[in-house]
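Novice: here's a sequence, model it:
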Amino acid sequence: MNKEAKQIDYTKKGFTKPKEHFIYRIKFTKGEEVKFIGHLDVMRLFQRAIKRAKLPVAFSQGFNPHQLLSFASPLTLGATSQGEYGDFEMAEKIEPKIIMTKLNETLPKGIQVLDSVLITKKTQSAMAAIEGAKYMVYADKQLTESLLKENLEKYIGQKEILIMKKTKNSEKLTDIKQDIFAIENKSRQGETKIYLYLAAGSKRNLKPEPVIESLYAFLGLAFYKYAIKYHRIELLRKTQEGDMVGLSEGIGVHDLSEIEKEI
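Specialist: Modelled structure (predicted):
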C-alpha cells in the first residue's frame, strides 16, 4: 500500500475506489451470549466493529451509502452456531488474517471470527451458494437416549414424513423426507442429542425445528419448542464435482502470497 493510500480515511462514509472491491468471506460464531440477537442486529454489530477496527470496507454509491456486507442464511432466534458466514467487500486488498484479528479485537463476547478468505475464484454469494446445513439438536428430558435409539430408524424409515409447512399465504401438507439428508443419534452420558443434515438454501430449505416436532409427534411426545436447543454446525455449498463443503472452502486464499501460486 503506497503513502497516498495510507492517508485515506476508509471510515469516511461513501468512500470506495471504483472497480477495486475485494470480497472476503468471513466465518463466525454466534454463542449463548448473543443467541437472542436478531439478524439485523448482528449486521449492525459487524458494521460497528468494522468501523472501530478501521478496516478498508467498501461503500455503496448513491444518496445513502452503506457498507457492502451480505450474510448467509439467518439463524433462528435462540439458536447458537459455529458456522455463520458473511461476504465483506473491501476497497483495498489486505491480508485475510488481519481482518480476522482486527474484528475479533472489537466484536462482543459470543461472536468470534473463525476464518477469513479472500475470494479469488468464481463463486456465488454466501446466501446463494447454500445447499445444505448441519445441526446438533439438544432434546428435552422427555426424549430419552433409549427411546431415541429404539425409534429413530423407524421414524426415518417411513415412506413419507408429512408436516404442515407454512408458505407466504397459507399452509400446506409437505413431505420433508427427501430434505433430510441424515439424522443420527449422538446421545452421550444421559444427554439426548440428535445430529441433523438438512437441505438448505433458496431451492430447498428445511429448518431443524419442524423435523424435531415431527419426530416428537411420531413418538407421541408433547413438543415444547422452547425446551429444545439448536446449534448450527455448518453451512455447505456444492462443488462442481458434486461434493458438499463449507461455504469458505476452495474459493480463495488465506494468505496473499498464495495468489501467486494460483497463477
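Novice: send the alpha carbons of the longest helix anywhere in the chain over as CSV?
Specialist: Counting by DSSP state H, the longest helix found in the chain is helix 39-53. C-alpha atoms of helix 39-53 as CSV (Å, rounded to 0.1, in the frame of the first residue of the first chain):
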residue,chain,number,x,y,z
HIS,A,39,-30.1,-11.0,12.1
LEU,A,40,-30.3,-7.2,11.6
ASP,A,41,-28.6,-6.6,15.0
VAL,A,42,-25.8,-9.0,14.0
MET,A,43,-25.3,-7.0,10.8
ARG,A,44,-25.1,-3.7,12.9
LEU,A,45,-22.6,-5.3,15.2
PHE,A,46,-20.3,-6.1,12.3
GLN,A,47,-20.8,-2.6,10.8
ARG,A,48,-19.7,-1.0,14.1
ALA,A,49,-16.9,-3.5,14.5
ILE,A,50,-15.5,-2.8,11.0
LYS,A,51,-15.6,1.0,11.8
ARG,A,52,-13.8,0.6,15.1
ALA,A,53,-11.2,-1.7,13.5
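Novice: show the contacting residues for Arg237.
Specialist: By C-beta atoms under 8 Å, 6 or more residues apart in numbering, the contact set of Arg237 is Thr123, Gln124, Ala129, Ile130, Glu131, Gly132, Met244, Val245, Gly246, Leu247. (Glycine included, C-beta is placed from N, CA and C.)
Novice: please pick the buried ones from these.
Specialist: Using 16 or more other C-beta atoms under 10 Å as the burial test, the contacts of Arg237 include Thr123, Ala129, Ile130, Glu131, Gly132, Gly246, Leu247 as buried.
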